[in-house]
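>>> Got a predicted structure plus its sequence, pasted below:
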Amino acid sequence: MRKLQFLFMFMLLSLMTSMSFGQEKRDDFYPTEIWKDTKGDTINAHGGGFMYHKGTYYWYGELKRGTTWLVPGQNWECYRVNAGGVSCYSSKDLVNWKKEGVVLPANKTDQNHDLHYSKVLERPKVIYNEKTKKFVMWLHIDSQDYSAARVGIAVSDKPTGPFKYIQSIKPNGLDSRDMTVFKDDEKSAYLIYSSEWNKNLHISKLTDDYQNVSGKDIIALPRMSREAPAMFKHKNRYYLITSLTTGWDPNMALVAHADSIMGKWNPGYNPCKGEKADLTFTGQSTFVLPIEGKPGKYIFMADVWKKTNLQDSRYIWLPLEFKNDSVEISWKKSWSLTK
Ligand code: GAL
C-alpha cells in the first residue's frame, strides 16, 4: 500500500513539474525551426539585439503578432503587422530562454506617438552605460510606409525594463533605417545605420551617455545599398556583416572589416558557406554575439522573414568561425555549444 502511495505521489509530482515548466531543458539550436521559451511559448523577438550582463544574456526583439497586411499605395512589398513593442528574454546558456515580457510597449492611444502600434518599431539593440548606470536602447522608428526613417532612444535602470522612451532623432540630420549599436572595449559606443535611402551605411560615435550621436560620423560603406548591420570585434579588428536591400526577401551577406572603427572599411566578401549561402541561408543578419568565456567564438544571428505571415518569422543562429583570418559561417541543421 505504502509503495503504491509513493508511486502515485511520484507520478503526480512528475506531472506537475512538466506542467509548470512546459518544456524540457534543451541543448541544441535548430535554425529556421520554431523556438520555444522555458514555458513552451514561441519566442517572439525579431530583428534581435543581445546583451550580456552579470552572468545573463538578454535578448531584445520586435514583438510581431497578428495579421500581416500589405500597406496600400507602395511600389514594393510593404508587408507589416501592428507594432507590438519590444520583447525581452533572458538566459544563462543561450539555449533556454525565459520570457521577461514586453520591456517597451507599443502605444495604443496616441496616433502621433513614435511608438503607436500603427508605426514601425524594428531592430532594438541595448547597451549598458557604466557611467550613468543606465541600459540604453536604440531602435528603428518609422511610419508604416517607412518614409519617416528615424532612430529612437529609450533608457532603463534594469535590463528587464521597463524602458522609458526619450525621443527619436534623425542622426546628423540624416534619414536612418536599418541600424544597430556597438559598444567597444574602451567603452565608446557607435550607431551604425543605413542612410540616404539606404545608399550609404554610416557609423556615428555616440555621446558619453549613449543617448545621442556626438557629431563624429563616417560613411563606412558608400553607395553599396547595405542594411541589416551586425558588428563585432575580433583581435582588434572590426567586422560588419550586412545584407543587400531586398525588403523581406533574403539576399547575399557581406562581411566588411576595418582596423579602426572610424577609419577605412574594406567592403569584404560573402562569409556564408554551404546550401543557400548566396541567400544567407534564407536569413537576414541582425547580430553577432561573442560567447562569454570563449574568446574567438561567436554566434551569427539572422531573421528568416515570412513576409506574408510575419509573426511566423524564424531565427537562424550559426557558429561564426575564423579560418586563416577569414570569417566563415557554415550551414548546420542543428548544433550545440557544448558538444
Ligand atoms: C528589410 C529590413 C527589415 C524590415 C524590412 C521591411 O530590408 O532589414 O528590418 O525593415 O526590410 O520590408
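Noted; the coordinates are in hand.

>>> Quickly note the distance from P267 to the ligand.
Distance, P267 to the ligand, using Cβ to the nearest ligand atom, to the nearest Å: 19 Å. Where you see a C-beta, it was placed from the backbone N, CA and C, and this is true even at glycine.

>>> For the strand or helix carrying that residue, buried residues please.
Using DSSP states H and E, P267 sits in strand 266-269. Neighbour counts over strand 266-269 (16 or more other Cβ atoms under 10 Å) mark P267, G268 as buried.

>>> got the contact list for S334?
Residues in contact with S334 (Cβ atoms under 8 Å, 6 or more residues apart in numbering) are D28, F29, Y30, P31.

>>> Beyond the strand holding P267, next helix or strand please.
Remark: after strand 266-269, the chain's next helix or strand is strand 272-273, criterion DSSP H and E.

>>> count of neighbours near the residue in the stretch 101-250 of the chain that the ligand sits nearest to?
When distances are taken as Cβ to the nearest ligand atom, the stretch 101-250 of the chain reaches nearest to the ligand at G247, 3.9 Å away. Neighbours of G247 under the rule other Cβ atoms under 10 Å: 14.

>>> How about the contacts made by the closest residue to Q144 other than its chain neighbours?
In this structure, Q144 finds its nearest non-sequential neighbour in V71, 5.3 Å apart by Cβ to Cβ, 6 or more residues apart in numbering. Applying Cβ under 8 Å, 6+ apart to V71 gives the contacts C78, Y79, R80, Q144, D145.

>>> how about the helix or strand containing W317, does it reach the ligand?
Assigned by DSSP H and E, W317 falls within strand 314-323. No. Shown here: strand 314-323 not in contact with the ligand (Cβ under 6 Å from any ligand atom), separated by at least 13.8 Å.

>>> ditto for stretch 107-122
Yes. Stretch 107-122 comes into contact with the ligand (Cβ under 6 Å from any ligand atom), by way of E122.

>>> And for stretch 221-240?
Yes. Counting by Cβ under 6 Å from any ligand atom, the ligand has neighbours in stretch 221-240: E227, A228.

>>> List, one by one, the residues from the protein near the ligand.
G47, E122, R123, D178, E227, A228, T245, G247, W248, Q284.

>>> Work out the gap between the strand holding P267 and the centre of the chain.
Strand 266-269 sits 22 Å away from the centroid of its parent chain (Cα atoms, centre = their mean, to the nearest Å).

>>> Adjacent strands (with direction) for that strand?
With DSSP bridges as the test, strand 266-269 is paired with strand 254-258 (antiparallel).

>>> Any buried residues in the partner strand, and which?
Residues of strand 254-258 classed as buried by neighbour count (16+ other Cβ under 10 Å): L254, V255, A256, H257, A258.

>>> and what of stretch 209-217?
Y210, Q211, N212, V213, D217.

>>> and the first one, what pLDDT?
Think Y210. With respect to pLDDT, Y210 has a value of 98.

>>> was I right about the residue of the stretch 101-250 of the chain closest to the ligand contacting L310?
No. Using Cβ atoms under 8 Å, G247 makes no contact with L310, being 11.9 Å away.

>>> any low-confidence regions in this protein?
The model of the chain has pLDDT under 70 over residues 1-24.

>>> Secondary structure element holding the residue nearest the centre of it?
For the chain, the residue nearest the mean C-alpha position is G48 (1.9 Å; Cα atoms, centre = their mean). Per DSSP H and E: G48 is located in strand 46-53.

>>> angle of the very next helix or strand once past that strand against strand 314-323?
Moving toward the C-terminus from strand 46-53, the next helix or strand (DSSP H and E) is strand 56-64. Strand 56-64 runs at 140 degrees relative to strand 314-323, counting by axes from the mean of the first three to the mean of the last three Cα atoms, to 10 degrees.
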